[in-house]
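In: Predicted structure and sequence below. I'll ask about it afterward.
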Amino acid sequence: MTIYLDKQVNQKEFTITAELVPPRHWNPRSIIEKAVLFRGYVDAVDISDNLLAVARMSPAVCAFFIKQIGVEPIVQINLRDRNRLGIQSDLLGLAALGIRNITILGGYPAKVGTEPDAKEVYDLPTMELVKYVNRFIQEGKLFDGTVMEEPPQMTIGTVENIVGKPVKELIDRLEAKVEAGAKFVRTQLVFDLDILEEWMEEARRRDLHNRITIMASIMPLRDLAHVEKALKIPGVAVPDWVKQRLAVHNDREEGLKIATDIMKKVREIEGIRGIHIRPLGGGEESIGAIIENAGFTSLKTAVS
């Protein structure tokens, strides 16, 4: 299926996606095997693009293989690594492969990754790229205005932080992306539900929850050490109650229970239309159990 999110907003459907990180080698077997674990549990799999500034297999190539096993891919396109020529090449290739969902994001700074001296591109601001890609889809035009034979069928997604700036400024940015053509948005990792509630309150006030599909990102934690790694990701806040629970039961099982509890509570927040699960650092084999324990499989059956 495609996550044509306009349709899902209208029908009040709830979308479940999960993230896969491409391998640091040329053999696609590992990512295919992980995608198989998600099949039947999620609506689509988001394939990261050189996550945390670490060179990995092309997400477009991974999407090709994942699509062959019946899993709907979402391909990330980051601005750190490509100029507008490279991005257009990617978009044309993705359209040719039948990839219908993309996520546009800036990308973490090169200094945090394996090649700290790599030259960052950022040829276009995120907002401007969303506008160009929206025209590419809606009017079938390349960035210079050249008209293609027919426009591709694609849906644009984006990513937003919910901390770090006043809520009004954060929602201003989201609203601008909606106006530019974004159809779905995933938040940065959510652990603190009070912060998410405040962010959503402003989004609802502007009726953004009816104009774009808003999805909350969840990461299952392994232990307390994993919390410290999560806190190094820009835009992530972990409340004390999460640390306290892991201090008592410092293992993956408790981390999975915490993820399940967060998912259940997120589902109750007005305006949230989906959850994106990010098993960063491993744990793909637990995704199905988390989704089942949170009660989402019956929900997916009811709306399919």
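Out: Looks like it came in fine.
In: Need the contact partners of stretch 84-97.
Out: 60, 63-64, 67, 75, 77, 79, 82, 102, 123-124, 129, 132-133, 136, 142-143, 152-154 (CB atoms under 8 Å, 6 or more residues apart in numbering). Heads up, the C-betas are built off the backbone N, CA and C, glycines and all.
In: low pLDDT regions in the stretch 1-150 of the chain?
Out: 1-12 (pLDDT under 70).
In: Can I have the buried ones of the contacts of stretch 84-97 as a PyMOL selection?
Out: To isolate in PyMOL the members of the contacts of stretch 84-97 that are buried, counting by 16 or more other CB atoms under 10 Å, one can use:
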select buried, resi 60+63+64+67+75+77+79+82+102+124+129+132+133+136+143+152+154
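In: Go through the contacts of stretch 84-97 and flag which are in strands.
Out: 75, 77, 102 (DSSP state E).
In: which residues of the stretch 201-304 of the chain fall in helices?
Out: Counting by DSSP state H, counting those that start in this stretch, the stretch 201-304 of the chain has helices at residues 224-231, 240-248, 252-267, 287-293, 296-303.
In: closest to residue 17 out of those?
Out: helix 287-293 (10.6 Å; CB to CB).
In: average pLDDT across that closest one?
Out: Helix 287-293 shows a mean pLDDT of 90.
In: How far away from the center of its chain is that helix?
Out: 18 Å (CA atoms, centre = their mean, to the nearest Å).
In: Now do that helix: which elements does it pack against?
Out: Where contact means 3 or more CB pairs under 8 Å, 6 or more residues apart in numbering; DSSP states H and E, helix 287-293 is packed against helix 29-38, helix 252-267, strand 272-277.
In: Contacts only, for the residue nearest the centre of the chain.
Out: The centre of the chain sits closest to residue 186, judged by CA atoms, centre = their mean, with a distance of 5.2 Å. Taking CB under 8 Å, 6+ apart as the criterion, residue 186 is in contact with 17, 46, 103, 157, 158, 159, 160, 215, 216, 217, 276.
In: so what's it bridging to?
Out: For residue 186, the beta-bridge partners are residue 159, residue 215 (DSSP bridges).
In: Distance of it relative to residue 215?
Out: As judged by CB to CB, to the nearest Å, residue 186 and residue 215 stand 5 Å apart.
In: nearest spatial neighbour of residue 105, skipping sequence neighbours?
Out: Once flanking residues are discounted, residue 105 sits nearest to residue 159: 4.7 Å by CB to CB, 6 or more residues apart in numbering.
In: so who does that neighbour touch?
Out: Applying CB under 8 Å, 6+ apart to residue 159 gives the contacts 103, 105, 185, 186, 187, 188.
In: Hmm, the second one is touching residue 81, no?
Out: I take that to be residue 105. No - counting by CB atoms under 8 Å, residue 105 sits too far from residue 81 to count as a contact (11.2 Å).
In: what touches both of these two?
Out: residue 49.
In: what's the pLDDT at the residue in the chain sticking out farthest from the centre?
Out: Centroid-distance maximum for the chain: residue 248 at 30.8 Å, with CA atoms, centre = their mean. On pLDDT, residue 248 comes in at 86.
In: do the one 4 residues further on as well
Out: Predicted confidence (pLDDT) at residue 252: the value is 82.
In: Could you report the distance from it to residue 68?
Out: Taking CB to CB, one finds residue 252 at 31 Å from residue 68.
In: Which residues lie in contact with residue 270 in this structure?
Out: Contacts of residue 270 by CB under 8 Å, 6+ apart are 200, 204, 209.
In: Repeat that for residue 119.
Out: Contacts of residue 119 by CB under 8 Å, 6+ apart are residue 110.
In: Now for the nearest residue to residue 61 once chain neighbours are set aside: which residues touch it?
Out: Leaving out its chain neighbours, the residue that sits closest to residue 61 by CB to CB, 6+ apart is residue 28, at 7.1 Å. Counting by CB under 8 Å, 6+ apart, residue 28 touches 57, 61, 62, 65.
In: Redo the residues you listed as CSV? Include neighbour count and distance to residue 223.
Out: Listed next are those as CSV, based on neighbours: other CB atoms under 10 Å; distance: CB to CB, whole Å:
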residue, neighbour count, distance to residue 223
57, 20, 28
61, 17, 33
62, 25, 28
65, 16, 32
